[in-house]
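Participant: could you look at this predicted model? Sequence included:
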Amino acid sequence: MTANSLAYKEVYQRASQKCIPLGVLFELTYRCNLRCAHCYVTKGEQPDELKLDEICSIIDQLAEAGCLFLTFSGGESLLREDFFDIVNFARKRNFAIGIFTNGTTITPAIADRIRDSFPFKVEVSLYGIKKDTYEEVTRVEGSYERVRRGIDLLVERHVPLVLKTNAMRGNCHQIGQIQNFAKESGATFRCDGMIIPMIDGGRGPLKNRATDRQLENFFDVMFNKITPNWEPKFDRPRDGSICDAARSTAVIDPYGKLSPCATLRQEGCDLRERPFLEVWKESPQLNRIRALTWSDAQECGDCQLLPYCRHCLGISSLEEGDMFAALRESCRQARIKKRVYEKKIYQGTNSNL
Amino acid sequence: MLERYVAKSENIAYRIIDGQALVIFLGTTQSTEDRINVFNETGTRIWELVDGRHRGKDIVDTLCSQFEVAIGVVQEELAQFFNDLQGKRLITFHDSSQR
């Protein structure tokens, strides 16, 4: 770790302690041109999306609150006709802009505009390296050719690119190939093994969760190729906060509702009715979330799997009906992860003998 | 270098977080770690003064009035700091005041 990254880690920790919203995910629309099988968005098109002037006002307020990393997401964020007006406005406020996109609507002209807006990063979802695998997820014929073209256009323009995917039942066998493609393209690769319920708690996406065997292969690829330096997290003090939600991170939906994170939606935090900082500092809902510590998660507190576990208050709340309940899917994944990790360490030890 | 006006580059993102400047160069595909710069208290004060309307020597004067340091030391260290920032493309120099 360099001196700079250590210093950054310290600043990030202080932002979390002092509840400075360093990173905000701004969902600009729930409209989308794809119909991904695992998508958590439920609302689709609604008439009352934030208007450009409302978005710009919120962006100004985020700058004042100390937000630096502002990521525009969706739905498909590029479907908004005023998308580049929003991005360019935010750039003038010196944000580091992230863009989440499915990449299928990117033309040469749009790729030029993305490059010229100097994003910090553009994250494109790539669910498969073959057409049938990808389109089994997106459920739109022709979307594979379009995403590949979009990626090529961004690569040609040297846009800082992240290719990401979810490890799912239908695409687990291609994770390694997607990573190879990302590497060849000069892109960073990210992969998430967790499929989450829909915002309204709908369980439709969950049938795409990988099987035990698939997860075993997935973690094997992760530990050996993608994140070889990953280590279990043993330092989880009981009085430490569970996550950064409502501390250094937040989510704003297309209708101006502020939430601690994408999986933990809150009612009553409406940025159309009250200024950001007032809601951020005074909302009882947000203050309740930021006050939570590991000692509140009693069901998980002493679990041997905790160092391998990705406990998530939001997903527990959606799936188990209680944010403090042990999330059975996290338990399953942690069990497999521990087994694969220990096997890797054991093999590494033996090979050094 | 200290005779010229110094400005923040256009292709950067920055924020002062809890008294420390976080500055990121955006026009690159370098890894995130290589793009984020964190300044200490003095570096942050200098960063605030880098506005296109101050020359390097104006910043030297301001620093000397705020910190008890010999002018020669400030000149040398500021020139070094500016060299570093210029190498990272975080600042630009101009012959006339900007804005």
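Facilitator: Sure, I can see it.

Participant: with just CA atoms, put the longest helix seen in chain B into CSV.
Facilitator: In chain B, ranked by residue count with DSSP state H as the criterion, the top helix is helix B:71-87. Extracted C-alpha coordinates of helix B:71-87, given in CSV (Å, rounded to 0.1, in the frame of the first residue of the first chain):
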residue,chain,number,x,y,z
ILE,B,71,11.2,32.6,3.3
GLY,B,72,14.0,30.6,1.6
VAL,B,73,12.7,27.4,3.1
VAL,B,74,9.2,28.1,1.9
GLN,B,75,10.4,29.0,-1.6
GLU,B,76,12.4,25.8,-1.9
GLU,B,77,9.6,23.6,-0.6
LEU,B,78,6.9,25.3,-2.6
ALA,B,79,8.8,25.0,-5.8
GLN,B,80,9.3,21.3,-5.1
PHE,B,81,5.6,20.8,-4.3
PHE,B,82,4.6,22.6,-7.5
ASN,B,83,7.0,20.4,-9.5
ASP,B,84,5.4,17.3,-8.0
LEU,B,85,1.8,18.6,-8.8
GLN,B,86,2.8,19.7,-12.3
GLY,B,87,4.3,16.2,-12.9
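
Participant: what does that helix contact?
Facilitator: Under the contact criterion C-beta atoms under 8 Å, 6 or more residues apart in numbering or on different chains, helix B:71-87 has outside partners B:1-2, B:6, B:43, B:46, B:56, B:59-60, B:63-64, B:67, B:91-93. Using the backbone N, CA and C atoms, a C-beta is placed for each residue, glycine as well.

Participant: try stretch A:112-123
Facilitator: A:69, A:84, A:87-88, A:91, A:96-101, A:106, A:154, A:157-164, A:188, A:190, B:11, B:13, B:24, B:26-27, B:32, B:35.

Participant: and with 6 Å instead?
Facilitator: With C-beta atoms under 6 Å, 6 or more residues apart in numbering or on different chains as the test, stretch A:112-123 has contacts from A:84, A:87, A:91, A:96-100, A:157, A:159-162, A:164, B:11, B:26-27.

Participant: please apply the same query to stretch A:129-137.
Facilitator: Contacts of stretch A:129-137 (C-beta under 6 Å, 6+ apart): A:Cys36, A:Ala37, A:Tyr127, A:Gly128, A:Ser143, A:Tyr144, A:Gly170, A:Asn171, A:Gln174, A:Gln177, A:Ile178, A:Phe181.

Participant: before we move on, the earlier item: only the buried subset of the contacts of helix B:71-87, as a PyMOL command please.
Facilitator: Selection of buried members from the contacts of helix B:71-87 for PyMOL, criterion 16 or more other C-beta atoms under 10 Å in any protein chain shown:
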select buried, chain B and resi 2+6+43+46+56+59+60+63+91+92
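
Participant: take the contacts of helix B:71-87 and keep only those in strands.
Facilitator: Among the contacts of helix B:71-87, the ones falling in strands (DSSP state E) are B:Val6, B:Ile91, B:Thr92, B:Phe93.

Participant: looking at these, which is nearest A:Asn224?
Facilitator: Of all the ones in strands among the contacts of helix B:71-87, B:Ile91 has the smallest distance to A:Asn224: 42.2 Å, by C-beta to C-beta.

Participant: quick one on the thing from earlier: mind checking which of the contacts of stretch A:112-123 are buried?
Facilitator: Buried members of those, scored by 16+ other C-beta under 10 Å, are A:84, A:87, A:91, A:96-100, A:159-162, A:164, B:26.

Participant: of those residues, which belong to helices?
Facilitator: Per DSSP H, these map to helices at A:Phe84, A:Val87, A:Arg91.

Participant: ok, the residues you listed vs chain B, which is closest?
Facilitator: Ranked by distance to chain B (C-beta to the nearest C-beta), those are led by A:Arg91 at 8.0 Å.

Participant: which residues sit in contact with A:Thr101?
Facilitator: Contact partners of A:Thr101, counting by C-beta under 6 Å, 6+ apart, are A:Ser77, A:Leu78, A:Val124.

Participant: who's in contact with the helix or strand that A:Glu329 is a member of?
Facilitator: Per DSSP states H and E, A:Glu329 falls inside helix A:328-351. For helix A:328-351, the surrounding residues in contact (C-beta under 6 Å, 6+ apart) are A:Gly193, A:Leu215, A:Glu216, A:Phe219, A:Asp220, A:Phe223, A:Leu305, A:Tyr308, A:Cys309, A:Arg310, A:His311.

Participant: and the nearest residue to the first one once chain neighbours are set aside, how many neighbours?
Facilitator: It refers to A:Gly193. Closest residue in space to A:Gly193, ignoring its immediate chain neighbours: A:Ala167 at 4.5 Å, by C-beta to C-beta, 6 or more residues apart in numbering or on different chains. Per other C-beta atoms under 10 Å in any protein chain shown, the neighbour tally for A:Ala167 reads 25.

Participant: mind checking pLDDT for A:Ala167?
Facilitator: If you check A:Ala167, the pLDDT there is 96.

Participant: you'd agree it is up against A:Asn208?
Facilitator: No - at 9.7 Å, A:Ala167 and A:Asn208 do not qualify as touching, with contact defined as C-beta atoms under 6 Å.

Participant: okay, the residue of the stretch 51-200 of chain A found nearest chain B and A:Phe26: tell me how far apart.
Facilitator: Residue of the stretch 51-200 of chain A nearest chain B, by C-beta to the nearest C-beta: A:Ala96 (3.7 Å). Distance, A:Ala96 to A:Phe26, by C-beta to C-beta, to the nearest Å: 13 Å.

Participant: now swap in A:Val140 and tell me
Facilitator: From A:Val140 over to A:Phe26 (counting by C-beta to C-beta), the distance is 25 Å.
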